[in-house]
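Colleague: Next input, structure requested:
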Amino acid sequence: MLTIAGTPAQASISSTAASPSPQAPCGYYPEGTQAYYQHCDSRTRVVIRVEMVFADDYDRCVGPGITHLGPKSLSGITPGVTGAYYVGRTC
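Modeller: This is a model prediction of the structure:
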């Protein structure tokens with residue numbers, strides 16, 4: 001398991017990444033009560049910063065496709081993901 005930062009469960013390369021979806025936007029997006037990140041370049045793995053409420057932000061290596069990040073924060077008052085963005089480097 002590759003660890004970038006944080007706990008191994010948070011920072012490992014996602015095994016749930018799916019093929020890029022034309023319906024989902026590239027980058028961070030919430031859907032229902034969950035948060036996702038879609039990396040649209042099929043040739044690279046990149047490091048993203050996942051922003052959290054009531055927990056430390058962390059870096060994560062993601063491959064092409066959709067990666068589930070976990071529950072999204074509801075209005076910034078419940079624990080969860082509030083956003084994610086590419087930090088400018090590959091992994």
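Colleague: just checking, what packs against the longest strand seen in the chain?
Modeller: The longest strand of the chain (DSSP state E) is strand 80-90. The helices and strands touching strand 80-90, judged by 3 or more C-beta pairs under 8 Å, 6 or more residues apart in numbering; DSSP states H and E, are strand 27-31, strand 34-39, strand 46-53, strand 65-71. Glycine gets a C-beta too; all of them are placed from N, C-alpha and C.
Colleague: Can you pull out the residues in contact with that strand?
Modeller: Residues outside strand 80-90 that contact it (C-beta atoms under 8 Å, 6 or more residues apart in numbering) are 27-28, 30, 35, 37, 44-53, 59-60, 69-74, 76.
Colleague: Under the pLDDT cut-off, which ranges of the chain? List them.
Modeller: Residue ranges of the chain with pLDDT under 70: 1-22.
Colleague: ok, now with 90
Modeller: Along the chain, segments meeting pLDDT under 90 span 1-24, 75-77.
Colleague: Relative to the centre of it, find the outermost residue for me.
Modeller: Distance from the C-alpha centroid of the chain peaks at I77, with 19.9 Å (C-alpha atoms, centre = their mean).
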